[in-house]
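Peer 1: Predicted coordinates and the sequence they were generated for:
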Amino acid sequence: MKKIYTFLILLTIQVYAQPYPQLSTDISWSPGNFNTVADIEAAFENGRIQENVQLNPDISTDLVMPSQVDWDAKSHSEKALYLINAERVARGLLPFEAVSNNIVTIAQNYADFLRTNNLFGHNLNGSPSDRLNSDPSISGCSESGWIFGPENLSNYASTNPDPPALPIERAVYGWIYADAGSTWGHRNTCFALFNNNFGSALNEGFIGVGYSQGAYTFFGDPFNFGAVVVFNFVDPCPTSPLPVELTSFTLNLSENKIELNWETATEVNNYGFEIERLKTNIIIKDSEWEKIGFVEGHGNSNSPKYYSFKDNLLETSGKYSYRLKQIDIDGTFEYSDIVETNVSSPQNFELRQNYPNPFNPVTSITYSIPNDGHVELGIYDILGNEVEIVENGIKPAGSYTFSFDASKLTSGIYFYKIKTNNFISIKKMMLMK
């Protein structure tokens with residue numbers, strides 16, 4: 001399949017730093033159009049070797065690639081981030097911090113726009129800055145963060161709809177090693193240095209890549225197919241920090257156990273989340289919010305983060321409410337919306353088999369009672385001698401789990417028995433040390 005590879009030189013220039021040393025001659029991709037991580041590794045290592053010959057910068061020539069399975073599982077943006085950061089670190093530059101889904105969306109929309117309209121250029125649907133500023137979370141950062149222009153473009157042509165070989169890998173390689181004709185081009189965008197770095201410590205800003213493939217007549221017959229790659233980046237503004245944006249907070253109830261799941265789109269200075277619960281029923285009339293757990297946040301992030309927490313201590317029936325207390329590193333906090341569920345009373349008396357069984361030395365015993373009443377739960381040895389009474393008192397209707405520690409007992413068979421109202425049940429368990 002015949003392909004044409006072209007790389008557009010950047011037009012947007014902001015001279016906040018000196019350009020990275022430019023190659024005198026383009027370095028072609030070698031060993032050819034292959035699709036394995038070994039081929040990618042060989043091509044970039046050859047590029048570094050040839051750059052050392054041209055510029056004498058003494059760049060490390062070793063590129064360590066992930067396994068083929070791990071590489072194939074990466075998104076286009078993750079591949080670009082890995083390769084660009086590997087090249088930056090080899091040159092002693094700070095790596096970009098992470099992929100931002102906000103930037104990916106902007107880059108993808110523009111890539112689709114260019115390909116479906118058979119166009120190619122930076123300012124055909126607003127400027128790169130206009131497009132990035134359309135997202136409130138990164139709006140207004142161009143003057144304080146972008147140096148050589150916040151965008152690289154690449155496009156490909158072919159005579160059939162098959163995808164080009166390694167489109168993202170070849171684009172990144174071309175921007176770095178095949179841009180000798182442009183002093184202020186793609187190479188400097190990949191190696192941009194922020195004078196005002198507001199990323200996390202030892203990191204620069206965030207990136208995103210858009211990739212659009214399909215019908216594309218920009219090059220003319222017979223090249224009626226192709227692809228467009230758009231690369232954008234941004235350094236967060238100190239005056240417009242990305243908020244801790246909670247995009248979802250949901251609750252799952254299963255067998256009187258609650259699983260809470262939530263997602264953030266962006267985070268700034270996020271210390272973490274306290275999980276608070278409010279229990280209300282006819283027995284506890286005046287309930288207060290109680291802290292039942294804590295989940296550590298990701299600090300600063302411009303990509304989605306996923307969290308979960310399990311509350312396994314639901315015993316009595318009633319309405320359970322949950323909220324998140326999001327705490328910043330400086331101690332300030334705010335509450336999420338509230339999610340609620342109703343836990344109904346058990347329909348029958350039940351004593352469940354302990355778990356694990358056999359056990360050593362701790363096991364859990366669960367029982368359910370449909371009505372309020374006196375409960376006695378005891379442990380007995382194989383001769384029927386009482387070992388311990390673990391529950392003895394009035395309990396509201398509900399399901400209960402007791403953790404039994406047999407560290408002071410010898411190995412053998414034991415029994416546990418529940419007596420409540422008109423219900424008696426006995427089960428056997430085995431301690432194996």
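Peer 2: Good, I have the coordinates. Owing to the predicted nature of the structure, the values given are computational and were not obtained by experimental measurement.

Peer 1: how many neighbours does the closest residue to residue 433 other than its chain neighbours have?
Peer 2: Leaving out its chain neighbours, the residue that sits closest to residue 433 by CB to CB, 6 or more residues apart in numbering is residue 411, at 4.7 Å. The way it works is simple: take the backbone N, C-alpha and C, and place the C-beta from them, glycine included. By the measure other CB atoms under 10 Å, the count of residues near residue 411 is 13.

Peer 1: Likewise for the one 4 residues further on?
Peer 2: Applying the criterion other CB under 10 Å, we find 15 residues in the vicinity of residue 415.

Peer 1: Can you check which helix is longest in this protein?
Peer 2: Counting residues, the longest helix found in the chain (DSSP state H) is helix 37-55.

Peer 1: what helices or strands is that helix leaning on?
Peer 2: When contacts are defined as 3 or more CB pairs under 8 Å, 6 or more residues apart in numbering; DSSP states H and E, helix 37-55 packs onto helix 68-73, helix 76-90, helix 167-177.

Peer 1: Any chance of TSV for the ones you listed, columns distance to residue 333 and mean pLDDT?
Peer 2: Formatted as TSV, these follow (distance: least, CB to CB, whole Å; pLDDT from 0 to 100):
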stretch	distance to residue 333	mean pLDDT
helix 68-73	37	93
helix 76-90	32	94
helix 167-177	40	95
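
Peer 1: do you know how far the residue nearest to residue 433 is from residue 380?
Peer 2: 16 Å (CB to CB, to the nearest Å).

Peer 1: so what pLDDT did residue 137 get?
Peer 2: Note for residue 137: predicted pLDDT of 69.

Peer 1: Next: residue 239.
Peer 2: For residue 239, the predicted pLDDT is 47.

Peer 1: Residue 222 now?
Peer 2: 93.

Peer 1: Can you give me the first-to-last residue distance of stretch 419-433?
Peer 2: Chord length of stretch 419-433, first to last residue, is 29 Å (CA to CA, to the nearest Å).

Peer 1: ok so, going back, return the longest helix of the chain as CSV; C-alpha atoms alone will do.
Peer 2: The C-alpha trace of helix 37-55 is given here as CSV (Å, rounded to 0.1, in the frame of the first residue of the first chain):
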residue,chain,number,x,y,z
VAL,A,37,7.3,-2.6,19.7
ALA,A,38,10.7,-3.8,18.6
ASP,A,39,10.4,-1.8,15.4
ILE,A,40,9.3,1.3,17.3
GLU,A,41,12.2,0.9,19.7
ALA,A,42,14.7,0.4,16.9
ALA,A,43,13.4,3.5,15.0
PHE,A,44,13.6,5.9,18.0
GLU,A,45,17.0,4.5,19.1
ASN,A,46,18.3,5.0,15.6
GLY,A,47,16.9,8.6,15.6
ARG,A,48,18.8,9.3,18.9
ILE,A,49,22.1,7.8,17.5
GLN,A,50,21.8,10.0,14.4
GLU,A,51,21.0,13.1,16.4
ASN,A,52,24.1,12.5,18.5
VAL,A,53,26.1,12.4,15.3
GLN,A,54,24.6,15.7,14.1
LEU,A,55,24.4,17.7,17.3
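
Peer 1: quick one: it to helix 76-90, angle?
Peer 2: For helix 37-55 against helix 76-90, the angle by axes from the mean of the first three to the mean of the last three CA atoms, to 10 degrees is 40 degrees.

Peer 1: angle of helix 37-55 against helix 167-177?
Peer 2: Using the same axes, to 10 degrees, helix 37-55 lies at 10 degrees relative to helix 167-177.

Peer 1: before we move on, the earlier item: looking at the helices and strands packed on helix 37-55, which is buried most?
Peer 2: helix 167-177 (a mean of 24; mean count of other CB atoms under 10 Å).

Peer 1: Mind jotting down where the helices sit in the protein?
Peer 2: Going by DSSP H, the chain shows helices at 37-55, 68-73, 76-90, 101-116, 128-133, 142-145, 167-177, 186-190.

Peer 1: Could you work out which of the ones you listed reaches nearest to residue 398?
Peer 2: Checking the helices of the chain against residue 398 by CB to CB gives helix 101-116 as the closest, at 42.2 Å.

Peer 1: can you list contacts of the closest one?
Peer 2: 77, 119-121, 124-125, 131-132, 134-135, 137-138, 153, 155, 206-216, 226-234, 265-266, 302-304 (CB atoms under 8 Å, 6 or more residues apart in numbering).

Peer 1: so what strands line up beside the longest strand seen in the chain?
Peer 2: For the chain, the strand with the greatest residue count under DSSP state E is strand 257-280. Using DSSP bridges, strand 257-280 pairs in its sheet with strand 245-254 (antiparallel), strand 290-301 (antiparallel), strand 305-311 (antiparallel), strand 318-328 (antiparallel).

Peer 1: Would you mark the buried spots in that strand?
Peer 2: The neighbour-count check on strand 257-280 (16 or more other CB atoms under 10 Å) flags 258, 260, 262, 264-277, 279 as buried.

Peer 1: now that strand against helix 101-116, angle please.
Peer 2: 130 degrees.

Peer 1: Check the offset of strand 257-280 from the chain's centre.
Peer 2: Distance, stretch centre to chain centre, for strand 257-280: 16 Å (CA atoms, centre = their mean, to the nearest Å).
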